[in-house]
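>>> structure for this input, please:
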Amino acid sequence: RPEHGILDARTRRTRSTKDTLEGHVRTRIYAHVTHTSHAMSMFGSLTSGSWFGSSKEGGEGADKFETDPNKLFHEFPHPENWKDRVDELVKRFGGDGGEIPSAMCPLGDRKATARRFLVARKYSLDDAEAALREAMEWRKTVKIGDAVGVDAILAATPRWDLLADNRKIMIGTPFLCYTKQGFPVYLLRLGKGDSALATSASEETHIYSTIIRGEHLVKSIIPEATARAKKLIEEGKEQEAANADYNSLVDKQVVIIDMDGLGMSALRALYVLKTINSVASHNYPELSKAIYVVNAPSVFDYLWSAVKPLLAVHTQHKIKIFSQPEEQYAGIQKLLNDEDIPDFLVPEGKPAGAKDTVTTVDGFMPKAVKAMDDWLRSLTKSGKAEALDSEAVSATIEKMAAIEINEDYAAEKAE
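As a prediction, this is how the structure comes out:
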């Protein structure tokens with residue numbers, strides 16, 4: 001303190017060193033907290049305010065709701081007049097919402113899509129309208145290489161180079177299996193990716209990969225999950241994932257994030273989620289039913305305590321965190337059949353789990369990733385041309401076979 005006189009050189013050096021170290025620590029911790037918050041917000045609504053806030057358009061008292069610990073999934077606290085708000089939002093885009101591109105709506109359901117944007121914006125009509133219009137504009141203007149707009153990006157030759165890099169960083173699979181309740185499962189292994197590549201790969205790499213992942217979810221995984229749910233319901237089997245308000249639409253997934261191996265260097269992979277979040281949370285909002293964080297390292301407790309206040313109450317209740325193998329296995333068993341649980345999440349002595357479920361840094365791709373690549377290839381101009389060529393070849397073979405049969409018949413008749 002100034003009134004105590006000038007500090008001697010030794011004290012000044014000690015305090016200077018201490019301040020420098022503390023500064024580095026604060027910087028590193030702040031960076032990790034920031035990146036972790038982006039990881040969580042990727043799958044939910046990130047906000048520092050109350051869930052419905054004080055908006056006149058928002059719901060009432062949603063921050064005070066209590067969740068049932070015995071329930072597997074947290075249900076969003078919709079206001080009583082939520083259907084009226086969905087109808088009003090849709091009308092703002094033309095009488096039947098015709099201005100909303102059906103391509104951005106799972107199974108073309110504009111009302112279900114409007115509802116997701118309302119949930120993401122705490123049921124504020126004005127905020128939801130602005131967010132939806134921004135997403136529509138983004139779909140027209142986002143650029144990857146020479147392709148401008150989501151439709152053009154999907155029709156262009158796939159950027160396998162960008163996908164390959166992203167898959168080495170974000171180890172996982174777009175579709176692991178279905179939960180017992182009918183939700184498709186998305187699996188990520190953040191601690192197993194190439195952390196060095198995470199910071200050297202271009203931003204375009206992560207934007208492109210997020211677009212492909214989001215469009216595949218909307219256009220392939222969700223329709224297949226919905227068709228499956230409808231079939232099971234017809235057979236008399238209950239499917240919690242099916243939304244009764246929207247013709248049994250299954251427009252939610254369950255996300256499992258494995259943090260095993262997430263050391264200080266691997267935390268660089270969390271930086272990638274900042275870019276992913278800027279695309280996913282704004283353009284593909286509210287597509288997750290629950291987020292299971294497994295094999296959480298000890299440092300995650302501190303990070304979570306810092307991140308939690310930044311998350312909407314609703315999103316907080318979506319997230320379940322596990323660090324003990326036996327406990328997390330029991331939790332996952334409530335979601336998945338034993339044979340569907342990835343083998344790296346199965347404790348010793350338990351039934352064998354599923355093998356080869358995720359990508360690896362050396363380029364291995366599980367069936368689900370190959371299926372996504374086939375889907376992407378089918379959308380491109382070259383892919384459609386290849387499909388047409390294949391059909392033409394098949395037709396020719398059939399004609400040739402028919403000719404051979406006719407010739408045999410003619411020969412028999414001549415005899």
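>>> which ones are touching residue 360?
Neighbour list for residue 360: 171, 192 [criterion: C-beta atoms under 8 Å, 6 or more residues apart in numbering]. Every residue, glycine included, has its C-beta placed from N, CA and C.
>>> how far away is residue 328 from residue 170?
Separation of residue 328 from residue 170 (C-beta to C-beta, to the nearest Å): 21 Å.
>>> and what of residue 162?
As for residue 162, its distance to residue 170 is 12 Å (criterion: C-beta to C-beta).
>>> more neighbours: these two, which one.
Taking neighbours as other C-beta atoms under 10 Å, residue 162 and residue 170 compare with residue 170 leading, 24 against 20.
>>> so who does that one touch?
Applying C-beta under 8 Å, 6+ apart to residue 170 gives the contacts 188, 190, 193, 209, 269, 272, 276.
>>> so which of those residues sits lowest on pLDDT?
Checked by pLDDT, the contacts of residue 170 have residue 269 as the lowest-scoring entry (59).
>>> burial check on residue 337, number of neighbours?
Neighbours of residue 337 (other C-beta under 10 Å): 14.
>>> ok, which stretches of the stretch 1-150 of the chain are helices?
According to DSSP state H, counting those that start in this stretch, the stretch 1-150 of the chain carries its helices in the segments 9-41, 82-91, 110-120, 125-141, 150-155.
>>> hey, least reliable of these by pLDDT?
Among the helices of the stretch 1-150 of the chain, helix 9-41 scores lowest, with a mean of 41.
>>> list residues touching both of residue 162 and residue 170?
Residues touching both residue 162 and residue 170 (C-beta under 8 Å, 6+ apart) are residue 209.
>>> quick one on the thing from earlier: closest to residue 85 among the contacts of residue 170?
Ranked by distance to residue 85 (C-beta to C-beta), the contacts of residue 170 are led by residue 276 at 28.9 Å.
>>> now do the SS call for residue 293.
Per DSSP: H, G, I helix; E, B strand; the rest coil, the secondary structure class of residue 293 is strand.
>>> I figured it hits residue 300, correct?
Yes. Taking C-beta atoms under 8 Å as the definition, residue 293 is a contact partner of residue 300 at 7.4 Å.
>>> ok, residue 225 touching residue 182?
Yes. Applying C-beta under 8 Å, one finds residue 225 in contact with residue 182, separated by 6.8 Å.
>>> what's the neighbour count on residue 362?
Residue 362, neighbours per other C-beta under 10 Å, totals 7.
>>> residue ranges in the chain under the pLDDT threshold?
Across the chain, the ranges flagged by pLDDT under 70 are 1-70, 264-271, 273-274, 306-307, 310-313, 381-415.
>>> please repeat the previous calculation with a cut-off of 50.
Along the chain, the parts satisfying pLDDT under 50 run over 1-65, 385-394, 396-397, 399-415.
>>> hmm, back to that, shared neighbours, residue 293 and residue 300?
In contact with both residue 293 and residue 300: 259, 321, using C-beta under 8 Å, 6+ apart.
>>> of the two, which one has the most company?
Remark: of residue 293 and residue 300, residue 293 carries more neighbours, 22 against 18, as counted by other C-beta under 10 Å.
>>> for the stretch 201-350 of the chain, which segments are assigned as strands?
Using DSSP state E, counting those that start in this stretch, the strands found in the stretch 201-350 of the chain span residues 253-258, 288-294, 319-321.
>>> could you say which of the ones you listed is packed most deeply?
Mean neighbours per residue, mean count of other C-beta atoms under 10 Å, is largest over the strands of the stretch 201-350 of the chain for strand 253-258, with a mean of 24.
>>> right, and residue 108 touches residue 102 too?
Yes. If you go by C-beta under 8 Å, residue 108 and residue 102 touch, sitting 4.1 Å apart.
>>> TSV please, covering the contacts of residue 170 and showing distance to residue 263 and neighbour count.
Formatted as TSV, the contacts of residue 170 follow (distance: C-beta to C-beta, whole Å; neighbours: other C-beta atoms under 10 Å):
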residue	distance to residue 263	neighbour count
188	16	22
190	11	26
193	12	26
209	24	24
269	11	25
272	16	27
276	21	20
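>>> report the two of these separated the most.
190 and 209 (14.9 Å).
>>> who are the packing partners of the helix or strand encompassing residue 378?
Residue 378 belongs to helix 367-379 when assigned by DSSP states H and E. Packing partners of helix 367-379 (3 or more C-beta pairs under 8 Å, 6 or more residues apart in numbering; DSSP states H and E): helix 150-155, helix 203-216, helix 381-414.
>>> tell me the buried residues in it?
Buried residues in helix 367-379, counting neighbours by 16 or more other C-beta atoms under 10 Å, are found at 368-369, 371-373, 375-377, 379.
>>> is it true that residue 72 touches residue 335?
Yes. With contact defined as C-beta under 8 Å, residue 72 reaches residue 335; the gap is 7.3 Å.
>>> dump the residue contacts of the nearest residue to residue 258 once chain neighbours are set aside.
Leaving aside its chain neighbours, residue 258 sits nearest to residue 189 (4.5 Å; criterion: C-beta to C-beta, 6 or more residues apart in numbering). By C-beta under 8 Å, 6+ apart, the contact list for residue 189 reads 171-172, 258, 260-261, 344, 358.
>>> go with 7 Å
171-172, 258, 358 (C-beta atoms under 7 Å, 6 or more residues apart in numbering).
>>> with residue 224 instead?
If you count contacts by C-beta under 7 Å, 6+ apart, residue 224 has none.
>>> distance of it from residue 216?
11 Å.
>>> ditto for residue 146
Separation of residue 146 from residue 216 (C-beta to C-beta) stands at 22 Å.
>>> more neighbours: which of those two?
Shown here are residue 146 and residue 216; by other C-beta under 10 Å, residue 216 has more neighbours (21 against 7).
>>> and that one, how far is that from residue 261?
Residue 216 sits 26 Å away from residue 261, going by C-beta to C-beta.
>>> do residue 89 as well
43 Å.
>>> more neighbours: these two, which one.
residue 89 (25 against 16).
>>> quick check: that one touching residue 123?
No. With contact defined as C-beta atoms under 7 Å, residue 89 does not reach residue 123; the gap is 9.5 Å.
>>> which residue packs closest to residue 325, ignoring adjacent ones?
Spatial nearest neighbour of residue 325, excluding adjacent residues (C-beta to C-beta, 6+ apart): residue 347 at 4.7 Å.
>>> check residue 106 too.
Using C-beta to C-beta, 6+ apart and skipping residues adjacent in sequence, the residue nearest residue 106 is residue 222, 4.3 Å away.
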